[in-house]
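# give me coordinates for this.
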Amino acid sequence: MTVLVVVEMFNALNNLSENQSLFVIPPWSNLWLVTSIILTMLFYILILYVHPLSVLFSVTPLSWAEWTVVLYLSFPV
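Sure thing, here's the model as predicted:
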C-alpha cells in the first residue's frame with residue numbers, strides 16, 4: 001500500500017506539464033501541488049506511526065529498510 005501511495009505522489013509531480021519533463025519544470029512551479037503532496041505524506045505517516053490510527057487502519061509501521069525499498073520501487077515512475 002505504501003508503494004502505491006508514494007507512486008501516486010511521484011505521478012502527481014509528473015503531471016506538472018503535458019509536454020515538459022520534471023527536469024525542465026521545477027516542482028515548486030506549482031506550490032499547491034507540492035503542498036498537497038507534503039500534506040498527503042504527513043497524513044499517511046501519521047496513520048502509519050500513531051498507534052490508534054495504525055490500529056484503526058490495520059497497518060504496521062515501516063522500518064528504514066522498508067522505506068528504502070518503497071522509494072526504490074516508486075522512484076522509476
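# mind listing the strands in this protein by residue range?
Assigned by DSSP state E, the strands in the chain number zero.
# pLDDT below threshold where in it?
Confidence mapping of the chain against pLDDT under 70 gives the ranges 21-22.
# distance of the residue lying farthest from the centre of it from I25?
Residue farthest from the centre of the chain, counting by Cα atoms, centre = their mean, is N19 at 22.9 Å. Look at N19 and I25: by Cβ to Cβ, to the nearest Å, they are 9 Å apart. Any C-beta I mention is one placed from the backbone N, CA and C, and that applies to glycine too.
# check T35 too.
17 Å.
# comparing the two, which residue is more hemmed in?
I25 (14 against 10; other Cβ atoms under 10 Å).
# show the contacting residues for the more buried one.
Residues counted as contacts of I25 (Cβ atoms under 8 Å, 6 or more residues apart in numbering) are L16, S17.
# what's the distance between it and L16?
Counting by Cβ to Cβ, the gap from I25 to L16 is 5 Å.
# what comes up buried for the top helix by length along the chain?
In the chain, taking DSSP state H as the definition, the longest helix is helix 31-49. Residues L33, V34, I37, Y44, L48 are the ones in helix 31-49 that count as buried (16 or more other Cβ atoms under 10 Å).
# only C-alpha atoms, please: export that helix in PDB.
Written as PDB, here are the backbone C-alpha positions of helix 31-49 (Å, rounded to 0.1, in the frame of the first residue of the first chain):
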ATOM      1  CA  LEU A  31       3.100  25.300  -4.900                       C
ATOM      2  CA  TRP A  32      -0.400  24.000  -4.400                       C
ATOM      3  CA  LEU A  33       0.600  20.600  -5.800                       C
ATOM      4  CA  VAL A  34       3.800  20.500  -3.600                       C
ATOM      5  CA  THR A  35       1.800  21.500  -0.500                       C
ATOM      6  CA  SER A  36      -0.900  18.800  -1.200                       C
ATOM      7  CA  ILE A  37       1.800  16.100  -1.700                       C
ATOM      8  CA  ILE A  38       3.500  17.100   1.600                       C
ATOM      9  CA  LEU A  39       0.200  17.100   3.500                       C
ATOM     10  CA  THR A  40      -0.800  13.700   2.000                       C
ATOM     11  CA  MET A  41       2.500  12.200   3.000                       C
ATOM     12  CA  LEU A  42       2.300  13.700   6.500                       C
ATOM     13  CA  PHE A  43      -1.200  12.300   7.000                       C
ATOM     14  CA  TYR A  44       0.000   8.900   5.700                       C
ATOM     15  CA  ILE A  45       2.900   8.900   8.100                       C
ATOM     16  CA  LEU A  46       0.600   9.800  10.900                       C
ATOM     17  CA  ILE A  47      -1.600   6.800  10.000                       C
ATOM     18  CA  LEU A  48       1.500   4.600  10.000                       C
ATOM     19  CA  TYR A  49       3.100   5.700  13.200                       C
END
